[in-house]
Each structure stands twice: as C-alpha cells, then as structure tokens.
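>>> Structure for this input, please:
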Amino acid sequence: MSAGAALLALAAGCGALAQPIDYARIRALNLEPNMGPGEGNAGARAPDEPRPAGAVLETRPPLNPVAKPAFREQTRAVAVKTKTAIAATVVAHGFQRAWKIVFRPDGRMFVTEKSGRIRIVTPDGKIGEPLGGVPEVLNYSDAGFFDLALDPDFARTRRIFFSYVEYRKDGNGLTVATATLSPDETMMQDVRIIFSAPAHNNVGHYGGRILVQPDRTLLVTVGDHFLPQLRIKAQDLDSTLGKIVRINFDGSIPADNPFAQVRAAEGAIWALGVRNIEGLVRDSRGAVWASDIGPQTGDEIDRIEPGHNYGWPVVGYGTEYSGKLINNGRSSWPGTDQPVYYWDPTIAPSGITFYSGKLIPEWSGNLFVGALAGQHLARLVMRNGHVVGEERLLQDRRQRIRDVVEGPDGALWVLTDSNDGQLLRLAPIGR
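Below is the predicted model:
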C-alpha cells in the first residue's frame, strides 16, 4: 500500500456496501435490458437552462462547498454557442444500453450493447443481427459489455479487441479479449483473453475503455471496483484496480512501461489514482485525455502522462455519496496531478472525442464529452491545454449520452444510453 493510501480512513465516508449478488438468478433471467440504474446516476440534478454566450454556464451551487479550483480555468467555464445551424438526425434506434460506436474502414459501424450484443450498422441506419461467439457477459448494474477497438490493420486481419465483465469463480471482473471477425461477418472467432483485472463480488466501477496506440499497444482503463476497501488500491502498485494499463496486442507487458521494472509492481500499470474512466482519446498531437466519473460530484477531464498519479482516492473535488468530504476536503496532494477541468454538480462523463473534421470548422480542436447524469453532450473549447468555454448540446432531448465519435464524413455520431437507445448524427443542416 502506498503512503498516500495509508493515510486514508475512507470507509466511513462511502455509501453502504453492496449486497451479495445472486449470480444464478441473473443468469437464469438472461437479463435484457441491463438491471439496475448503472453508473452516472448518484448526485444527478436537473441541468441548468441554456445560458447566453459569455455568461458562466453553471449557476447551480456546488455540492462540495469547500473545494477551490487550483487555477482559473479549471471549472465553470463561460458559455459558448455554436454559430453553425446543426441538425441532430436519428439514424437508428432500438439499441438496449448501447456503449460504443466504432467506424470500420468501409464506413459501416460496430455498435456494442451492454448485454453482450455487437451489431453491424450501416451509415443509413440498417442494424444487423447480433454477432455470435461473444463470451458470456455479466449484465447487471454497472457491469456489462463495454468497448470495442479495431486492429489498425483490421481490413486485412479482421482482428478486434473488446472489454466486458466476466463471471468468475471468485466473483466478477473486467476482462479484455481479442477475436477475429468471421469472413461472413456473423461470428467472433478465436476469442482469447489477453487481460484480466482483479475479481470481486460487487458490481461497480469497471472503467473498460480501450485506446489503440500508434505503437501497437492498448491502453485500457480499469475502475476501482467502488467499495471503500477496494478503491484504496487505486494508489497501490501491486493492483491494477483504479489504473490505466498498457499491454501489447497479445496481452504481454511492454518493457518500457513506467513500472515494468519495479519489483512487486504490476508491470502493466501506465497511470494510477483513477476512479472510473469511461472516456479515453488521443488528441492531434498524440496526448492522451480521459474523462473520470467522480463520486457524488467532482467529475474530471485529465491529461494522462505515463507514470503519473491522478490522486484518487487521496484527493478529489467531489464528495462522498453520504455528503461527507473526501479526505477532509483535500483537493491537492504532493505527487498527484490536477485535473485539467472538473464539474460540480456532476455530469457523469462517459465517451469523449476531439473534433478534427472540416464539416464544422468552428468545432476544430474542441473536446466533446458524453454526459450520463447531465443528459447532454458537452462541448469544451480548448486553448493551450485549458478549457475556455463550454456548451451543452442535445440538452432538450434529456437523454443519457454514452458515446461520441467523429465519423469519416466529418459529422459527430452519438449514442444515447437507454432501453431504446438512439444513434444520432450531428451535422450542419442539409449536410
């Protein structure tokens, strides 16, 4: 255990412990859709009404009354407004708790659902039958099937990487596997597990985002598994809980990982001190950015550097679900990085993407963030690595936004998280 974690007495501040899981009952029900409220609900409050450009966007009082930003642009940016007239078109619907959009080289998409279904979707909205060969998935509350990523040579190899929560003898845990798409595109073949996070008997905070790096490694976010006695492990180098890990395509550990040569450390660890990262993206300069869901509040956007510590649960800008402050309200600690931006009240950020297309020039370089509790798509205007403006898009739809990606057509494609989830296309009117 690290020195920072040893200072904590966190259990008293956290919510009640999870009840035992009846795995047999879950299996028997073959649940569709996913049971339980899922992540991003605690601390949710109705969002503000739209604000005029130039005014501070967030006017609700913070839930954490003592936290002060470390620098001027760290929270509560001024409102901005897109000048281009944008249309949000429903391309397809009927997805059950959809999680990820992945564009294929031929322009079609993979869309994942938390029950374990992977569908091929055409740009005009035709939804294919679920692929076969997917491993059994624990589909309950936070748990389910999450991300999917393609081998950079997918057109040749048909290789896929995916993350999901696996039933295990000692509970359940986040798992990353690789497979190949069958020639007739109906099956996942040659499925092989390449990473397994520690298993525990509760259903909270898995992370699950996968980012393919140019050096042909995978970054995978691993949640802290929620419980107070587990989240402390986000500061421990002998556990992959509360971390971002970096592995090779075959699951082996890269020799240049920051802790690969540290005795008693998990060599896969790339960054530590995170809670429940569900958004991971690389910007045009190659920097990695993440969205981390806070507890009752205190969601973060972090710029991720290898070997760095992002503080959880030693520090945070949020509060416990009980309303108590985290570590007596501490929001900084020596050796930990500050978030680039944070929200209070919560928005529960999920998928994120930087816009680089030419269809909407005023969005160039902006970071888009799907908000679950906030029920909108956040647009963050970035300047010199800081947030200088914020806009809430799709707010009138009052839908949980799970994922956002830029399509090959230069539009933004968005997934909503519900039992009749929608695939939306955001583009200038008439384009």
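
>>> CA only for contacts and neighbour counts going forward, please
Noted.

>>> Could you look up the SS state of the one residue sitting closest to the centre of the chain?
Nearest residue to the geometric centre of the chain (Cα atoms, centre = their mean): residue 278, 0.9 Å. Under DSSP: H, G, I helix; E, B strand; the rest coil, residue 278 falls in the strand class.

>>> Kindly report the same for residue 230.
Assigned by three-state DSSP, the conformation of residue 230 is helix.

>>> just the one 4 residues further on next, same as before
Secondary structure for residue 234, judged by three-state DSSP, is helix.

>>> residue contacts, it?
By Cα atoms under 8 Å, 6 or more residues apart in numbering, the contact set of residue 234 is 224, 240-243, 272-275, 312-313.

>>> Could you save these as TSV and add columns showing pLDDT and distance to residue 52?
Formatted as TSV, these follow (pLDDT from 0 to 100; distance: Cα to Cα, whole Å):
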residue	pLDDT	distance to residue 52
224	97	38
240	98	44
241	98	42
242	98	38
243	98	39
272	98	38
273	98	36
274	98	34
275	98	33
312	97	35
313	96	36
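
>>> Restricted to helices, list those.
Of the contacts of residue 234, none are assigned to helices by DSSP state H.

>>> Now, the residues you listed that are in strands?
Judged by DSSP state E, the contacts of residue 234 include 243, 272 as members of strands.

>>> Go through the contacts of residue 234 and say which is closest to residue 266.
residue 240 (6.7 Å; Cα to Cα).

>>> all strands of the stretch 201-350 of the chain, in order?
All strands of the stretch 201-350 of the chain, identified by DSSP state E, counting those that start in this stretch, fall at 207-212, 217-222, 243-248, 269-272, 277-282, 288-292, 299-304, 341-343, 349-354.

>>> cool, and the stretch 1-150 of the chain?
86-95, 98-103, 109-113, 118-121, 145-150.

>>> quick one: pLDDT of residue 362?
For residue 362, the pLDDT comes out at 98.

>>> Name the SS class of it, please.
Applying three-state DSSP: residue 362 is helix.

>>> Nearest spatial neighbour of it, chain-adjacent residues omitted?
residue 82 (7.5 Å; Cα to Cα, 6 or more residues apart in numbering).

>>> Residue 247 versus the one you found, what's the distance?
When Cα to Cα, to the nearest Å is the yardstick, residue 82 and residue 247 sit 39 Å from each other.

>>> and residue 405, that's in a strand?
Yes. Per three-state DSSP, residue 405 lies within a strand segment.

>>> Export only the CA atoms of the longest helix along the chain, formatted as PDB.
In the chain, assigned by DSSP H, the helix with the most residues is helix 23-29. Extracted as PDB, the C-alpha positions of helix 23-29 are listed here (Å, rounded to 0.1, in the frame of the first residue of the first chain):
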ATOM      1  CA  TYR A  23     -25.300 -14.800 -10.000                       C
ATOM      2  CA  ALA A  24     -27.600 -17.800 -10.600                       C
ATOM      3  CA  ARG A  25     -30.600 -15.600 -10.700                       C
ATOM      4  CA  ILE A  26     -29.000 -13.200 -13.100                       C
ATOM      5  CA  ARG A  27     -28.000 -16.000 -15.400                       C
ATOM      6  CA  ALA A  28     -31.500 -17.500 -15.300                       C
ATOM      7  CA  LEU A  29     -33.200 -14.300 -16.200                       C
END
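
>>> Same question for it: list its buried residues.
Of the residues in helix 23-29, none is buried by neighbour count under the rule 16 or more other Cα atoms under 10 Å.

>>> need the helices for this protein, in chain order.
Using DSSP H, helices in the chain cover 3-6, 23-29, 154-157, 228-231.

>>> Which of those sits closest to residue 412?
helix 154-157 (22.3 Å).

>>> Just the buried residues of that closest one, please?
So for helix 154-157, nothing qualifies as buried (16+ other Cα under 10 Å).

>>> circling back to that earlier point, packing partners of the longest helix of the chain?
When contacts are defined as 3 or more Cα pairs under 8 Å, 6 or more residues apart in numbering; DSSP states H and E, helix 23-29 sits against none of the other helices and strands.

>>> which residues are in contact with it?
Outside helix 23-29, the residues that touch it by Cα under 8 Å, 6+ apart are 139-140.

>>> Quick check: which ranges of this structure have low pLDDT?
Low-confidence segments of the chain (pLDDT under 70): 1-20, 29-49.

>>> Can you give me every residue that contacts the closest residue in space to residue 173 that isn't next to it in sequence?
Excluding the flanking residues, the one nearest residue 173 by Cα to Cα, 6+ apart is residue 199, at 4.3 Å. Contact analysis of residue 199 by Cα under 8 Å, 6+ apart lists 168, 170-174.

>>> Leaving out chain neighbours, which residue sits closest to the residue nearest to the centre of the chain?
Nearest non-adjacent residue to residue 278, counting by Cα to Cα, 6+ apart: residue 350, 4.8 Å away.

>>> what residues are up against residue 422?
Residue 422 touches 90-95, 414-416, counting by Cα under 8 Å, 6+ apart.

>>> now those residues: which count as buried?
The buried subset of those - by 16+ other Cα under 10 Å - is 90-93, 95, 414-416.

>>> Now render these as a markdown table, adding distance to residue 69.
Converted to a markdown table, those look like this (distance: Cα to Cα, whole Å):
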| residue | distance to residue 69 |
| --- | --- |
| 90 | 38 |
| 91 | 40 |
| 92 | 41 |
| 93 | 40 |
| 95 | 39 |
| 414 | 30 |
| 415 | 31 |
| 416 | 31 |
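
>>> Could you tell me how far stretch 79-94 lies from the centre of the chain?
Remark: stretch 79-94 is offset 22 Å from the chain centroid, using Cα atoms, centre = their mean, to the nearest Å.

>>> returning to what we had before: spatially, which two of the contacts of residue 234 are the most separated?
Using Cα to Cα, the contacts of residue 234 reach their maximum pairwise distance at 240 and 313, which is 14.5 Å.

>>> Look at those two and report which has more neighbours.
Shown here are residue 240 and residue 313; by other Cα atoms under 10 Å, residue 240 has more neighbours (27 against 23).

>>> Looks like that one contacts residue 206 (just checking).
No. With contacts counted by Cα atoms under 8 Å, residue 240 stays clear of residue 206, the gap being 11.1 Å.

>>> any shared contact partners between the two?
residue 222.

>>> Might one say that residue 260 is in contact with residue 247?
No. Counting by Cα under 8 Å, residue 260 does not reach residue 247; the two are 10.9 Å apart.
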